[in-house]
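Sequence first, predicted model second:
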Protein chains: 4
Amino acid sequence: MRELRSSSFWRAVLAEFLGSLLYALLGLGASLRWAPGPPSVVGAALAFGLAQATLVQVLGHVSGGHVNPAITLAFLMASQLSVARAVGYMVAQLLGALAGAGVLYGVTPAPVRGTLGLSALHPGVGLGQGTVVELLLTAQFVLCVLASFDDRHDGRPGSAALPVGFSLALGHLFGVRAAAGTLRVSTTRAPA
Amino acid sequence: MRELRSSSFWRAVLAEFLGSLLYALLGLGASLRWAPGPPSVVGAALAFGLAQATLVQVLGHVSGGHVNPAITLAFLMASQLSVARAVGYMVAQLLGALAGAGVLYGVTPAPVRGTLGLSALHPGVGLGQGTVVELLLTAQFVLCVLASFDDRHDGRPGSAALPVGFSLALGHLFGVRAAAGTLRVSTTRAPA
Amino acid sequence: MRELRSSSFWRAVLAEFLGSLLYALLGLGASLRWAPGPPSVVGAALAFGLAQATLVQVLGHVSGGHVNPAITLAFLMASQLSVARAVGYMVAQLLGALAGAGVLYGVTPAPVRGTLGLSALHPGVGLGQGTVVELLLTAQFVLCVLASFDDRHDGRPGSAALPVGFSLALGHLFGVRAAAGTLRVSTTRAPA
Amino acid sequence: MRELRSSSFWRAVLAEFLGSLLYALLGLGASLRWAPGPPSVVGAALAFGLAQATLVQVLGHVSGGHVNPAITLAFLMASQLSVARAVGYMVAQLLGALAGAGVLYGVTPAPVRGTLGLSALHPGVGLGQGTVVELLLTAQFVLCVLASFDDRHDGRPGSAALPVGFSLALGHLFGVRAAAGTLRVSTTRAPA
């Protein structure tokens, strides 16, 4: 537990907290339907992907810029992260995401807010089916993160930022779309 | 046939199988019309392109991340791949694409499913005309792959991933659009 | 004040003026509603982001290609820019943006022109709320700029151009959207 | 005129011809309205930009992958290209673009074809105004090309491909939009 006393540990945890706050705020905020018309799947997917890319670029030297618990878990399982650090990161990510959603809740008017962009499954997609898709989408993302941060690459976070971000955007092009039907129904009831 | 006994051969074939499964699932899944409204050509083209880029990034060190039989054929003709490996890759790609489409079929509700995003030609485009376009689109993609993986470049798959992915997205911006008219007709009949 | 007599100072100030002119012209021009239908948030965000990326690429060796006063301020506070240079840059940026908006005003027909793409807040968003969002969006952008131009990176402007541009596009995916509701109302009154 | 007898000269001219054919086919083809609904400005801008990026990547080692007469002129004026080569490139680019448009004409059904995506000015934009915008858009593109191919950069075409392509896409996000109003009018008359 000596790691808990180092300042680099707490700087990294703080970085993950702030990064997750910005990630939730930017990604969910761009997913809301501010104007009438179909939600922009491409816009939301790009927002999540570019947010991940920017945070890897900004926080790469401090904490790695994981932001996503799936990345932290993958690094833990690849023995590239201590248990203490992984737990600290994931607690920071959870609190950061909640704080980001809270800021978004505070700044968006009620009719736009809806379910805050939290995905509901498409009415025709069962829970088991949704889980299979989520697992496969997460698999391609985690594999891309591990390959991009790998020693065989040149190690600069800059070269990992774009591939990792685009890989996340890719998952959202499918995943957001699978939920778009429901979102649309729930929000067209609002006077917009 | 000594190559068939090496573990690197079978790891590469397995990588191509899993990569093709993810490629088909992500690309076709993002091409489906989950909500009413015109299909998003940009979203589908980006999904195919980012999927190819991510898989080159992830599988570059294992099999090259071809996923696409056109790439494997080009490498074979450029004498950069043995015949055994090319055949193994292409069988794995075919089975992987079928498996990916099967997973997608299993998780999508019937009205959304339609023709599973498989392209039909625009009603005004003849078969010969479609073939000419396909040949030219494939030519620019294969040339980009060969140039990006070339020795004169620095050899890291990371530097090939984005150009190759964007080149594939480019082909789909044209190709998907040529088929969009038909897709639209066939799917608007569904109660959506 | 010896700096004011160097030709490199005035070349950099001129570069910031011309860069800001192009930035305002391209970003605002792509945000206008040239045709009926909902404004394209993705198109406007990409235009601002790619304009910033291109100008960092073009002017990186001359002035840094800041274009944005927020970047100049950040470099000043990080002690990487003299006060004289920061003031010169910001005056040039202001005049350049006005000149760019003036060119755009001169070349666009009145019904399209509207409020020249200047953002108004969404009717349901208060001033304090808008300020909080703006601060957080600017924070992620400034942090990305500082990280990308950092000594620890390889120093070529080329490697900073894309991350910085994508980070700016990210802010616009959220920010433009928050203003889109008003813009839409104000422009649908025009005969278009 | 000894240059005319070298095989590298004729290979480069042929490369420019084939590149321009693909560029015209892909860019114009993605700009056509294959389905009812507003034309996708983002899709067309991405198609032109990714086509330029791919061709710089593919033809960079042969001819530079100019494709665009504006680039060839800029290289000539910067004394980085002989007059003979510049003339050869521009003739090849003209013939290539005509050939690409011819292929497109041959493969598209009449109602979709319209004006083949050739831009007409927005009805409210005068000729002088359109010229000013075109000049400024071309200026940012040519400056980006010169900066990206510059000796101070690392010289690999791979590192120039993406910035150059994105810079071209940027111009089209504005330029295509300024013409979209007319295109829409002329094509909605078709039975689609």
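Sure, I can see it. Keep in mind it's a predicted model, so treat the numbers as computed, not measured.

can you tell me the residue of chain A closest to chain C?
When scored by Cβ to the nearest Cβ, chain A has residue A:109 as its residue closest to chain C, at 2.4 Å. From N, CA and C alone the C-beta is placed, and that goes for glycine too.

Got the confidence number for the spatially most central residue of chain A?
Closest to where the C-alpha atoms of chain A average out (Cα atoms, centre = their mean) is residue A:68, at 5.2 Å. On pLDDT, residue A:68 comes in at 90.

pLDDT weak spots in chain A?
In the predicted model of chain A, residues A:1, A:33-39, A:110-127, A:150-158, A:175-192 satisfy pLDDT under 70.

any idea how far residue A:78 is from chain B?
Applying Cβ to the nearest Cβ, to the nearest Å, the value for residue A:78 to chain B is 14 Å.

on that earlier part again, count of neighbours near the residue of chain A closest to chain C?
As a burial measure, residue A:109 scores 15 neighbours (other Cβ atoms under 10 Å in any protein chain shown).

ok so, going back, close enough to count as contact, the residue nearest to the centre of chain A and residue A:96?
No: counting by Cβ atoms under 8 Å, residue A:68 stays clear of residue A:96, with 11.1 Å between them.

how about the one helix or strand residue A:75 maps to as CSV, C-alpha atoms only?
If you go by DSSP states H and E, residue A:75 is part of helix A:69-77. Provided in CSV are the C-alpha atoms of helix A:69-77 (Å, rounded to 0.1, in the frame of the first residue of the first chain):
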residue,chain,number,x,y,z
PRO,A,69,-13.4,1.0,-16.8
ALA,A,70,-13.1,-1.6,-19.6
ILE,A,71,-9.6,-0.2,-20.3
THR,A,72,-8.5,-0.2,-16.7
LEU,A,73,-9.7,-3.8,-16.3
ALA,A,74,-7.8,-4.8,-19.5
PHE,A,75,-4.6,-3.3,-18.2
LEU,A,76,-5.1,-5.0,-14.8
MET,A,77,-5.6,-8.4,-16.5
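
measure the closest residue to residue A:103 other than its chain neighbours to chain D for me?
In this structure, residue A:103 finds its nearest non-sequential neighbour in residue A:25, 5.5 Å apart by Cβ to Cβ, 6 or more residues apart in numbering or on different chains. For residue A:25, the distance to chain D equals 24 Å [Cβ to the nearest Cβ].

can you check residue A:48 too?
Per Cβ to the nearest Cβ, residue A:48 is found 18 Å from chain D.

Setting the sequence-adjacent residues aside, check what's closest to that residue.
residue A:27 (4.2 Å).

what do you get for residue A:57?
Distances taken as Cβ to Cβ, 6+ apart place residue A:161 nearest to residue A:57, at 4.2 Å, with adjacent residues excluded.

so what's that neighbour up against?
Listed by Cβ atoms under 8 Å, 6 or more residues apart in numbering or on different chains, the contact set of residue A:161 reads A:53, A:54, A:56, A:57, A:60, C:163.

ditto for residue A:48
With contact set as Cβ under 8 Å, 6+ apart, residue A:48 has these partners: A:23, A:26, A:27, A:30, A:168, A:169, A:172.

got these as CSV, with secondary structure and distance to residue D:85 columns?
Listed next are these as CSV, based on DSSP: H, G, I helix; E, B strand; the rest coil; distance: Cβ to Cβ, whole Å:
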residue, secondary structure, distance to residue D:85
A:23, helix, 50
A:26, helix, 47
A:27, helix, 49
A:30, helix, 47
A:168, helix, 44
A:169, helix, 41
A:172, helix, 46
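
where do the strands sit along chain A?
Here chain A has no strands by DSSP state E.

tell me which parts of it are close to chain D?
residue A:42 (Cβ under 8 Å from any Cβ of the partner chain).

which residue does chain A bring closest to chain D?
For chain A, the residue closest to chain D is residue A:42, as judged by Cβ to the nearest Cβ, at 7.8 Å.

just to revisit the earlier point, ok, the contacts of residue A:48 vs residue C:4, which is closest?
Nearest to residue C:4 among those: residue A:26, at 40.2 Å, using Cβ to Cβ.

count of residues packed around that closest one?
Counted with other Cβ under 10 Å, residue A:26 comes out at 28.

likewise the one 5 residues further on?
Neighbour count of residue A:31, defined by other Cβ under 10 Å: 28.

Then residue A:53?
27.

Quick check: the residue nearest to the centre of chain A vs residue C:4, distance?
Residue A:68 is 49 Å from residue C:4, where distance means Cβ to Cβ, to the nearest Å.

Could you double-check that residue A:13 lies in contact with residue A:63?
Yes: the pair residue A:13 and residue A:63 passes the contact test of Cβ under 8 Å, sitting 7.4 Å apart.

Touching both of the two, which residues are there?
Shared contacts of residue A:13 and residue A:63 (Cβ under 8 Å, 6+ apart): residue A:89.

who's in contact with the closest residue to residue A:26 other than its chain neighbours?
Leaving aside its chain neighbours, residue A:26 sits nearest to residue A:51 (4.6 Å; criterion: Cβ to Cβ, 6+ apart). Listed by Cβ under 8 Å, 6+ apart, the contact set of residue A:51 reads A:22, A:23, A:26, A:27, A:67, A:165, C:140, C:170.
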